[in-house]
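Novice: Okay, structure incoming, though there's no sequence with it:
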């Protein structure tokens, strides 16, 4: 199902994983996806208002898409996770570009991830 | 004696009133329910059913709680027939009564026939690309397309109803059998395989992910996303497990005995003996607003069997009627101005509402006219 996978290693064995996943159709509502990603970070479901505050508009491959950034801090404060997800619909397929991992690595790689999104081109 | 009582009951006015009250309850209840469960589920459970069912609390058992649309409509139809038979002497003197009741009966029968026989689908047209099929919006099929030959493909499709039975399927056209191990009527992808999801497949594009079952999708603008876990059984035994899902964007290739196949779970396709090619799609809005004013599609009909190649225009309230189907301008793709979406309806019973309305109008006109003549004659005396 994944079109591409990358791993970024940081100091102290910290890492982040980037995945590119195309799914058919609308691939669920924005709120469904938002809560699914929150669950992956161990967070409870969020409200529509929180989703609205979290969404930014972004251009991916020449088309308007959406970007959401979610951070989660476990109670012990030893390891904090962060996720940045961009999604865009094109020709009946929703493309998800996701970077998820240790907070420090994701934060450090955020600009590179944004540059990656800006460089996306489709073959057809 | 017992029989005549039943016959009397079936033709009684009391039964008519009960049926009308039940119909009103069904309409009200179904209308309120569709807010929560969606239009399609409300139609299936309240109107296109013999009984309205509800889940027993604490269980997954569904029990009938009220007559459904088909039962109430069926009893109403029987009631009309028996009422006419019982009152045939009165009715003989009033052809208008016969016409009106015949029209009502035809309306009920026509609607039942439509439910049983009508097929609705959607055709997505992209400018310059001929389209030879339309797709069902609800049902899916497991499609195994043999692509070995250069000039044509052979499609073997297993419909959703059979997939849900989790059986084993084989045809002489395929060098393997398909065993359905699991069918999820609605599913979501579980992206991270190491997040506790079971990876049951050892072949195909879904090796990196899994799917889990979720409740049915009732929202009007979204559909269920089914997934099937299957095992292919060849002459030498199992050829591995595969996942076919509506979530997957590409078909999965198979190579068996020098034959090539493509495997996918896709919306049921209704192939036509002709193609429609969108030449131009026009989408107009009222000036200064986002309110749609007009959608129209200039479409070319390409029919090799009949040697037909002509242009037609399909727009709002002006559908194309062709080969027993009606093509309505249904929508468009907000992100792609080259795309037009047509709703395709095949309904063999389409003429029944027109005939029944004509019969009812004639019957009422006759009744009113008869009464008027009788009244004026009496008035003159």
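Specialist: That came through, no problem. Please read all numbers here as calculations on a predicted model, not as lab measurements.
Novice: any low-confidence regions in chain A?
Specialist: Residue ranges of chain A with pLDDT under 70: A:1, A:26-27, A:74-79, A:124.
Novice: Give me the phi and psi for the residue nearest the centre of chain A.
Specialist: When C-alpha atoms, centre = their mean is applied to chain A, the residue found nearest the centroid is residue A:85 (1.6 Å). Note on residue A:85: backbone dihedrals following degrees, to the nearest 10 are phi -120, psi 130.
Novice: Check which helix or strand the residue nearest to it when sequence neighbours are not counted maps to.
Specialist: What sits nearest to residue A:85 in space, not counting adjacent residues and going by C-beta to C-beta, 6 or more residues apart in numbering or on different chains, is residue A:98, at 4.6 Å. Bear in mind the C-beta positions are built from the backbone N, C-alpha and C, glycine included. Element membership for residue A:98 (DSSP states H and E) is strand A:93-102.
Novice: re earlier: residue A:106 is in contact with the residue nearest to the centre of chain A, correct?
Specialist: No - with contact taken as C-beta atoms under 8 Å, residue A:85 and residue A:106 are classed as non-touching, separated by 11.1 Å.
Novice: Identify the contacts common to those two.
Specialist: residue A:99 (C-beta atoms under 8 Å, 6 or more residues apart in numbering or on different chains).
Novice: Can you give the distance of the longest helix belonging to chain B from its chain's centre?
Specialist: Criterion DSSP state H: the longest helix present in chain B is helix B:352-380. Counting by C-alpha atoms, centre = their mean, to the nearest Å, helix B:352-380 is centred 37 Å from the centre of its parent chain.
Novice: and it, what does it pack onto?
Specialist: helix B:95-117 (3 or more C-beta pairs under 8 Å, 6 or more residues apart in numbering or on different chains; DSSP states H and E).
Novice: quick one: the helix it packs on to helix B:352-380, angle?
Specialist: 170 degrees (axes from the mean of the first three to the mean of the last three C-alpha atoms, to 10 degrees).
Novice: Pull the residues that contact the helix or strand just after helix B:95-117.
Specialist: Elements were assigned by DSSP H and E; along the chain past helix B:95-117, the next helix or strand is strand B:119-126. With contact meaning C-beta under 8 Å, 6+ apart, strand B:119-126 is reached by A:92, B:131, B:133-137, B:268, B:270, B:276-278, B:281, B:297, B:299, B:327, B:330, B:336, B:338-347.
Novice: Around chain A, pick out the residues from the stretch 1-150 of chain B.
Specialist: For the stretch 1-150 of chain B, the residues found near chain A under the criterion C-beta under 8 Å from any C-beta of the partner chain are residue B:124.
Novice: closest point of the stretch 1-150 of chain B to chain A, which residue?
Specialist: In the stretch 1-150 of chain B, no residue comes nearer to chain A than residue B:124, which is 7.9 Å away by C-beta to the nearest C-beta.
Novice: which residues does that residue bridge with?
Specialist: Under DSSP bridges, the beta-bridge partners of residue B:124 are residue B:341.
Novice: Same check on residue B:210?
Specialist: On DSSP bridges, the residues paired with residue B:210 through beta bridges are residue B:190.
Novice: From the chain's centroid, how far away is the longest helix along chain A?
Specialist: Using DSSP H to define each element, chain A has its longest helix at helix A:30-40. Relative to its parent chain, helix A:30-40 has a centroid offset of 11 Å by C-alpha atoms, centre = their mean.
Novice: Contact partners for residue 61?
Specialist: Since no chain was named, I'll use chain A. A:88, A:90, A:95, A:120-122.
Novice: ah, no, chain B please
Specialist: Taking C-beta under 8 Å, 6+ apart, we find residue B:61 in contact with residue B:55.
Novice: Quick one: the strands in chain A, in order.
Specialist: If DSSP state E is used as the criterion, the strands of chain A fall at A:4-9, A:15-24, A:55-60, A:63-72, A:81-90, A:93-102.
Novice: tell me which residues in stretch B:33-43 are buried?
Specialist: Of the residues in stretch B:33-43, those buried by neighbour count under the rule 16 or more other C-beta atoms under 10 Å in any protein chain shown are B:33-34, B:37-38, B:40-42.
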